[in-house]
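> Here you go, sequence then predicted model.
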Amino acid sequence: MKCPYCGQEMINGYIYGDRSKLKWLPAEKNLILGIWAKDSIELGEGEGFRRSRVNASMCHWCGKLIIDMNTESSKCESNEANFELP
């Protein structure tokens, strides 16, 4: 996959969670008591003794990381998404 920011080739890999699922929270929201992420979006799968993980591509050149939120195979028609950055 090519980096949408700099155009260089990205390295495919995973981001692993610890005991609980990874969660995304908008910047304007805060953790409750510094622990709970209310109204967050859970990322990845993990059950029982399996750690949660999400597919991610890292650009070594510009330091960007792109996370695939889909737990199933990609819902895009191709692996190369067509979009423009602001």
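Done, it's in.
> Could you report the distance from the residue nearest the centre of the chain to Gly34?
Centroid check for the chain by CA atoms, centre = their mean gives Ile67 as the closest residue, at 2.6 Å. Ile67 is 23 Å from Gly34, where distance means CB to CB, to the nearest Å. From N, CA and C alone the C-beta is placed, and that goes for glycine too.
> Same question for Arg53.
Applying CB to CB, the value for Arg53 to Gly34 is 24 Å.
> Neighbour count for those two, which is higher?
Shown here are Arg53 and Gly34; by other CB atoms under 10 Å, Arg53 has more neighbours (18 against 6).
> what's the pLDDT at that one?
If you check Arg53, the pLDDT there is 84.
> Please read off the pLDDT at the residue lying farthest from the centre of the chain from the model.
Going by CA atoms, centre = their mean, the residue of the chain most distant from its centre is Leu33, 24.5 Å out. Looking at Leu33, its pLDDT is 75.
> On the three-state scheme, the closest residue to Asn12 other than its chain neighbours is what?
Closest residue to Asn12 apart from its sequence neighbours, by CB to CB, 6 or more residues apart in numbering: Ser57 at 5.4 Å. Following DSSP: H, G, I helix; E, B strand; the rest coil, we place Ser57 in the strand state.
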